[in-house]
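K.L.:
here is the input, now give the coordinates:
(one chain, ligands or ions: 1)
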Amino acid sequence: MARQSLQIVLAERPTRDIIPGQTFRQKVVEAPTKADLKDGELLVESIYLSLDPAMRGWLNDRRSYLPPVQIGEVMRGAAILRVIASKSSKANAGEFVTGFMGFQEVAILHETLIEDSFPLPPNAKLTDLIGVLGMTGMTAYFGMTTIGEPKAGETVVVSAAAGATGSVAAQIAKICGARVVGTAGSDEKCRWLKEELGLDVALNYKDPDFKQKFHEATPNYIDVFWDNGKGFLVGGEQLELALGRANKFARFVMCGGISQYNQEVMQGPKTFLSVVSMRIKMQGFIVFDFAKDYPQARRQIAQWLAEGKMKRKETIIKGGLGVSESALAHLFKGGNTGKLIVEVKNPEDSSKL
Ligand SMILES: NC(=O)c1ccc[n+]([C@@H]2O[C@H](COP(=O)([O-])OP(=O)(O)OC[C@H]3O[C@@H](n4cnc5c(N)ncnc54)[C@H](OP(=O)(O)O)[C@@H]3O)[C@@H](O)[C@H]2O)c1
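P.N.:
Prediction:
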């Protein structure tokens, strides 16, 4: 019997939160086989699916850095894939690669959708390909080193510091010799930041005294603020607080806006004019802009991993592709520490097709 492949397709555009079972529809199709392969194509199966806050933005029908996912289309997403058969020089059957396969179990991809493979460093694990050595790590590396540029002794504040990108960005700032303050949504996340990652201060933004503690944690003001977009939650808006505590010539790395992604009306900081009075450089970026320099960043991060200067954590949700909708909603509830991943298929299980 032909193998079947589950696909998660967009059913309707959410106005606020993603609603599992409503935003997406699960569709079972007959899987392609190697007989369907053309030159330059690979038959791949998904092993680990990366879940990213940006996915919420891809569901909105508005101009952005990527076109919106269309109704009825397979949801976009990066994944670690196993090559089942190949008519491409990019990878051979049995190899693991990464690529934008989307939320589906088996597919034929053109080689242009597959990332150039690189040998996994000796102390790295497979999931690092979408974590610290993948888009997450690349975002942290280029945002921190090219925009933040922390110097020894400076104060760096990282919001959503226990998340995938924030945890790597905070450690890079530590490696640069900065004093690093991280914010996160639970005491447990804060403990991990202090005890495992060695941050100088970790603040739970749900603490009723957060605003006061934020002030106390930045006695010399803030030189670099890493904005993952922590919005109007308990304790105040973090960008607003950070602008109010900015040093002269501070750098604000505008990485994302997670608290705003599910809002119909976006909100902004009241302290915005600090940009002028404190001569702040505030810059957004999209990681893809740095694609040609990924190999150099990967070498550096691999070295930090080997030296024990860089640690990472993952939250891996098992249960196959069918749980990806609820896992994605979980991301917006702060359910993850480090990188959030769905195990689509156990990499130890062999593939028959
Ligand atoms: N510019 C780029 O190229 C680029 C690339 C990758 C990611 N990003 C951005 O970087 C940010 C972090 O992404 P990530 O992949 O590393 O995800 P992540 O931080 O691992 O996961 C999201 C975390 O954000 C917090 N959060 C979730 N929903 C929230 C809400 N509604 N309001 C406030 N906080 C919320 C939670 O942490 P707490 O429990 O601590 O609240 C959650 O664990 C996102 O804004 C993302 O869009 C940008």
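K.L.:
list the contacts of Asn17.
P.N.:
One correction, residue 17 is Asp, not Asn. Applying Cβ atoms under 8 Å, 6 or more residues apart in numbering, we find Asp17 in contact with 262, 329, 332. Backbone N, C-alpha and C define where each C-beta goes, glycine included.
K.L.:
three-state assignment of it?
P.N.:
coil (DSSP: H, G, I helix; E, B strand; the rest coil).
K.L.:
just the CA trace of stretch 276-284, in CSV.
P.N.:
Written as CSV, here are the backbone C-alpha positions of stretch 276-284 (Å, rounded to 0.1, in the frame of the first residue of the first chain):
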residue,chain,number,x,y,z
VAL,A,276,16.7,61.2,20.4
SER,A,277,17.8,62.3,23.8
MET,A,278,20.0,59.3,24.4
ARG,A,279,21.2,59.0,20.7
ILE,A,280,20.1,55.4,20.6
LYS,A,281,20.7,53.3,17.6
MET,A,282,17.6,51.1,17.1
GLN,A,283,17.9,48.6,14.3
GLY,A,284,15.7,45.7,13.1
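K.L.:
related to what we said a few turns ago, out of the contacts of Asp17, who has the most neighbours?
P.N.:
Ala329 (19 neighbours; other Cβ atoms under 10 Å).
K.L.:
what's around the closest residue to that residue other than its chain neighbours, how many residues?
P.N.:
Leaving aside its sequence neighbours, Ala329 sits nearest to Ile18 (Cβ to Cβ, 6 or more residues apart in numbering; 4.9 Å). By other Cβ under 10 Å, the residues close to Ile18 number 20.
K.L.:
do Gln238 as well
P.N.:
27.
K.L.:
so which residues of the stretch 51-200 of the chain form strands?
P.N.:
79-86, 96-99, 106-110, 155-158, 179-184 (DSSP state E, counting those that start in this stretch).
K.L.:
could I get those strands in a markdown table, plus columns for mean neighbour count?
P.N.:
A markdown table is the format used below for these (neighbours: other Cβ atoms under 10 Å):
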| stretch | mean neighbour count |
| --- | --- |
| strand 79-86 | 24 |
| strand 96-99 | 21 |
| strand 106-110 | 20 |
| strand 155-158 | 30 |
| strand 179-184 | 28 |
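K.L.:
kindly confirm my reading that Ala297 is in a strand.
P.N.:
No. Secondary structure of Ala297 (three-state DSSP): helix, not part of a strand.
K.L.:
who's in contact with the residue lying closest to it once chain neighbours are set aside?
P.N.:
Excluding the flanking residues, the one nearest Ala297 by Cβ to Cβ, 6+ apart is Tyr141, at 4.4 Å. Tyr141 sits next to 168, 172, 297, 300-301 when contact means Cβ under 8 Å, 6+ apart.
K.L.:
who wins for most neighbours among those?
P.N.:
Ranked by the number of neighbours (other Cβ under 10 Å), the contacts of Tyr141 place Val168 first, at 30 neighbours.
K.L.:
so the closest residue to the ligand within the stretch 201-350 of the chain, which state does it fall into?
P.N.:
At 2.1 Å from the ligand, Gly256 is the closest residue in the stretch 201-350 of the chain, using Cβ to the nearest ligand atom. What three-state DSSP gives for Gly256 is coil.
K.L.:
ok, it - contacts?
P.N.:
Listed by Cβ under 8 Å, 6+ apart, the contact partners of Gly256 are 53-54, 165, 227-229.
K.L.:
could I get those as TSV with neighbour count, pLDDT and distance to Lys34?
P.N.:
Formatted as TSV, the contacts of Gly256 follow (neighbours: other Cβ atoms under 10 Å; pLDDT from 0 to 100; distance: Cβ to Cβ, whole Å):
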residue	neighbour count	pLDDT	distance to Lys34
Pro53	22	94	36
Ala54	19	94	33
Thr165	28	97	37
Asp227	24	93	46
Asn228	24	86	42
Gly229	19	71	43
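K.L.:
how near is Ile18 to the ligand?
P.N.:
Per Cβ to the nearest ligand atom, to the nearest Å, Ile18 is found 11 Å from the ligand.
K.L.:
need phi/psi at that residue.
P.N.:
Note on Ile18: backbone dihedrals following degrees, to the nearest 10 are phi -70, psi 130.
K.L.:
surely it is in contact with Leu328?
P.N.:
Yes. Taking contacts as Cβ atoms under 8 Å, Ile18 lies within contact range of Leu328: 5.7 Å.
K.L.:
out of the contacts of Gly256, which touch the ligand?
P.N.:
53-54, 165, 228-229 (Cβ under 6 Å from any ligand atom).
K.L.:
I appreciate the help and will end here.
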